[in-house]
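Asks: pasted the sequence and its predicted model underneath.
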Amino acid sequence: MKIISNLVEAHIVRKVNNNLEFLLLKRANHETYAGIWQMVTGSINEDETAYETAAREIKEETGLSIKKLWVVPRINSFYYPKNDSVCLVPVFATLIDENLDINISAEHSEFMWVKKNEAITMLAWDGQRKSVELIEEYLTNKSSAIHFNEIELK
């Protein structure tokens, strides 16, 4: 078995009336995992860092150009039986202005802004749900022990 890290997970969050909302995207019918709700995900290109991939995938899947990205202090993982590997997935988050337009790519059929509890019920994997909880805890200052490293993008 080998360990690989060739994917990223990027959560887009906005504040509306002091409430956090998470952007979820529904996978298109022609995609793998058709019909599931997810955050932005994508594959790391050979010449990219994980955070560059997150910013690129956010742009490709939503049309948003972001200036800052946080490294969420968690790594999601899953086993891929086809090549007997465990994939480690770094998690990122960005906070955007509530009035920005979302233009989804052909990878997705629709999008929805949801609060934390709804996101947790809609996401398929436990690691993604835990990421949402951690992001919400950090952005609402519920824990002074959590620290997210911020990356300024060029």
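Replies: Great, that's in hand. These numbers were taken from a predicted model, which means no experiment stands behind them.
Asks: Provide the secondary structure category for Tyr138.
Replies: Under DSSP: H, G, I helix; E, B strand; the rest coil, Tyr138 falls in the helix class.
Asks: so it touches Val132, yeah?
Replies: No: contact criterion CB atoms under 8 Å: Tyr138 and Val132 do not qualify, at 11.0 Å. Just so you know, the C-beta spots here come from the backbone N, C-alpha and C atoms, and that holds for glycine as well.
Asks: which one of those two has more residues nearby?
Replies: Val132 (27 against 17; other CB atoms under 10 Å).
Asks: what ranges do the strands span in the chain?
Replies: 2-4, 7-16, 19-27, 37-38, 40-43, 68-80, 85-96, 108-114, 149-152 (DSSP state E).
Asks: partner strands of the helix or strand bottoming out on mean pLDDT in the chain and their direction?
Replies: Within the chain, no helix or strand scores below strand 149-152, which has a mean of 91 by mean pLDDT, DSSP states H and E. As defined by DSSP bridges, the strand partners of strand 149-152 come to strand 68-80 (antiparallel).
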